[in-house]
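>>> got a structure for you, letters missing:
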């Protein structure tokens, strides 16, 4: 029983890792079960046996992608990162650097996820998870005085789509965090109108 369970887990892992790799390149809805099977060196029937639909495959792919470092820091993790940082600017810079690292590690799959979320309801959960995490992290970094429209604008700057748009525009990846942090800090420090 133990060996069989281990084989099942190994097969599931092969399928999920193959799916994430292919989806990151060609998109989630464009990835066929046959392609996943071929990449995982398994039959299409085996893939279907483990994952009968996108609704069952997507959460597993999101979990693996986030576990591989494409997940934003938790509130507890960010508290540790913020320990000893006294200024809002330092906290925002730390948040931006950490979020950019996460985006870079999961760029392909996160891009496919964001792009296809409107058409694939199961992807909405992954996007909402990132959105909620970002709300909590921005509140921890910027404090209670940044709310409403300014908080939404700061979130837009720190979120994956803005990072991706800068990278796609040719901004060197090493410069992207400082650009985002400077823009976010200028919004945070802006006087109320």
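Everything's here; your move. Please read these numbers as outputs of a predicted model, since none were measured by experiment. Numbering: from 1, shown residues only.
>>> for residue 177, what are its contacts?
Taking C-beta atoms under 8 Å, 6 or more residues apart in numbering, we find residue 177 in contact with 93, 96-97, 100. Every C-beta, even on glycine, is put in place using the N, C-alpha and C of the backbone.
>>> By neighbour count, which of those wins?
For the contacts of residue 177, the largest number of neighbours (other C-beta atoms under 10 Å) sits with residue 96, at 25 neighbours.
>>> ok, now how distant is the closest residue to that one other than its chain neighbours from residue 188?
Among residues not flanking residue 96 along the chain, residue 181 sits closest, at 4.2 Å (C-beta to C-beta, 6 or more residues apart in numbering). Remark: distance between residue 181 and residue 188 (C-beta to C-beta, to the nearest Å) = 10 Å.
>>> intersection of neighbour lists for these two?
Joint contacts of residue 181 and residue 188 (C-beta under 8 Å, 6+ apart) are residue 92.
>>> quick one, domains of this protein?
2-52, 70-189 (automatic domain parsing).
>>> Off-centre distance for the shortest one?
Between the mean C-alpha point of domain 2-52 and the mean C-alpha point of its chain there is a distance of 21 Å (C-alpha atoms, centre = their mean, to the nearest Å).
>>> Adjust the sequence numbering to begin at 558 for everything that follows.
I'll keep to 558 as the first residue from here, and by that count the last item is domain 559-609.
>>> In the chain, where is pLDDT below threshold?
Filtered on pLDDT under 70, the chain yields the residue ranges 748-750.
>>> can you give me the strands in it?
Counting by DSSP state E, one finds no strands in the chain.
>>> For it, which segments are assigned as helices?
Counting by DSSP state H, the chain has these helices, from start to end: 559-583, 590-597, 601-607, 611-622, 632-639, 645-662, 664-673, 678-699, 705-715, 717-725, 733-746.
>>> Can you report phi and psi for residue 609?
The phi/psi pair for residue 609 (degrees, to the nearest 10) reads phi -80, psi -20.
>>> measure the nearest residue to residue 740 once chain neighbours are set aside to residue 624 for me?
With sequence-adjacent residues excluded and distances taken as C-beta to C-beta, 6+ apart, residue 740 is closest to residue 714, at 5.1 Å. Using C-beta to C-beta, we find residue 714 at a distance of 26 Å from residue 624.
>>> likewise residue 649?
As judged by C-beta to C-beta, residue 649 and residue 624 stand 26 Å apart.
>>> Please apply the same query to residue 636.
Taking C-beta to C-beta, one finds residue 636 at 21 Å from residue 624.
>>> How about residue 743?
34 Å.
>>> ok, now residue 700?
Residue 700 is 30 Å from residue 624, by C-beta to C-beta.
>>> more crowded one of these two?
Taking other C-beta under 10 Å, residue 700 and residue 624 do not tie; residue 700 has more neighbours (12 against 9).
>>> Excluding chain neighbours, give the residue nearest to the more buried one in space.
Nearest non-adjacent residue to residue 700 (C-beta to C-beta, 6+ apart): residue 645, at 6.4 Å.
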